[in-house]
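J.: build the 3D model from these lines:
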Amino acid sequence: MNSKIRNRTIGIIFVLFGASFWGIGGTAADYLFDVEQINMNWYVTTRLIISGVLLLGVQAFLTNTKQVLSIWSDSNYRIPLLLFSLIGMLLVQYSYMASIEAGNAAIATLLQYLAPIYIIIWLTFKRYQKPNVSDIIAIFITIIGTILLLTNGSFQSLTVSSVAILWGIISGISLAFYTLYAQKLLHSYSSVSVVGWAMLVSGVFMNFIHPIWKVETSGWTLVTIIVLTLTIIFGTTLAFWMFIKSLEYLEAKEATLLGTVEPLTAVVSSIVWLRLPFGIWQMIGMLLILILVVYLSLQKKDKLTNEHRLDANTYN
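T.: You can find the predicted model right below:
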């Protein structure tokens, strides 16, 4: 296995695990809002600040504090990091959770994962070129598979409040920005530093909206604490880091398309945990998403293998 294929495999593993943690985290958030009555604004503030501190703490332990702070000493990256933190990280987090609170995790996930379409459209206009056949196929499978997975073929289940739809659309656009803009920062700084600072900065900003210390814990149980802890560690800290890390190995549109396993894990975790029914059309939707993942993986792998052969023949 040559280095390009190996790196690509690493990228796929990161994005699949990151998206899976996102999906489960969305279901957990739905549970916290509906059952445990956790305040959404406080939840966003808390998960961002704690996740940011965890990531930066790990980075400082593995390297040193000076290296963690180095991004702020570079005048070329201060403004980009602030933009990424507020328009990317914060908007992705807040809009997704607001959509879940106003509607449900299924609708929020569906609307967020229109992001691949936004990315392909943006790149098409930016590069002044038509989308290729692979892009069209990927868009088609993404839309059909996700809709079937989250609605079981019934469009009546898409009937939610306009607020939920609006926040869901915003979350998709912000995810597209988050994915594209992150690559600029990753050229010079590690994924842990970029994600860690973005979370901490956006969390501090959210703290002015809802302070982390203003929370009612009298009704909390052990289950509340466990779910909250797991959503912060896996659904936020590891999920966002793994997705950003995957961009070091994959193209932005490809990482986002592979990230469509998020609705799959959201549905599966909802069935197992929240005991939601699972119909035949949802099974078909899940199959389509799995086909998309395999299709993208094999297509790019074949391309890299051919490139490797050409390189080898050049020196023979």
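J.: burial count for Gln183?
T.: Residues contacting Gln183 under the criterion other Cβ atoms under 10 Å number 14. Backbone N, C-alpha and C define where each C-beta goes, glycine included.
J.: what's near enough to touch it?
T.: 247, 252 (Cβ atoms under 8 Å, 6 or more residues apart in numbering).
J.: quick one: average confidence on the strand or helix carrying Ile49?
T.: In the assignment (DSSP states H and E), Ile49 maps to helix 40-62. On average, the pLDDT along helix 40-62 is 91.
J.: next one: stretch 118-133
T.: Here the average pLDDT along stretch 118-133 is 76.
J.: so which elements touch the helix holding Ile49?
T.: Here helix 40-62 touches helix 3-34, helix 65-73, helix 91-102, helix 191-207, helix 222-232, going by 3 or more Cβ pairs under 8 Å, 6 or more residues apart in numbering; DSSP states H and E.
J.: tabulate these (TSV), appending mean neighbour count and distance to Leu175.
T.: Converted to TSV, these look like this (neighbours: other Cβ atoms under 10 Å; distance: least, Cβ to Cβ, whole Å):
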stretch	mean neighbour count	distance to Leu175
helix 3-34	21	10
helix 65-73	14	22
helix 91-102	24	5
helix 191-207	23	14
helix 222-232	16	18
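J.: Serialize the ones you listed to JSON lines and add fields for distance to Ile169 and mean pLDDT.
T.: Output for these, formatted as JSON lines (distance: least, Cβ to Cβ, whole Å; pLDDT from 0 to 100):
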{"stretch": "helix 3-34", "distance to Ile169": "16", "mean pLDDT": "86"}
{"stretch": "helix 65-73", "distance to Ile169": "31", "mean pLDDT": "86"}
{"stretch": "helix 91-102", "distance to Ile169": "8", "mean pLDDT": "91"}
{"stretch": "helix 191-207", "distance to Ile169": "20", "mean pLDDT": "93"}
{"stretch": "helix 222-232", "distance to Ile169": "23", "mean pLDDT": "91"}
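J.: burial measure for Leu238, as a count.
T.: Leu238 has 20 nearby residues by other Cβ under 10 Å.
J.: actually, Thr217.
T.: Neighbours around Thr217, by other Cβ under 10 Å: 7.
J.: still on that earlier bit, out of the helices and strands packed on helix 40-62, which comes closest to Ile136?
T.: helix 3-34 (21.2 Å; Cβ to Cβ).
J.: and that closest one, how far out from the chain middle?
T.: 7 Å (Cα atoms, centre = their mean, to the nearest Å).
J.: nothing else from me, thank you.
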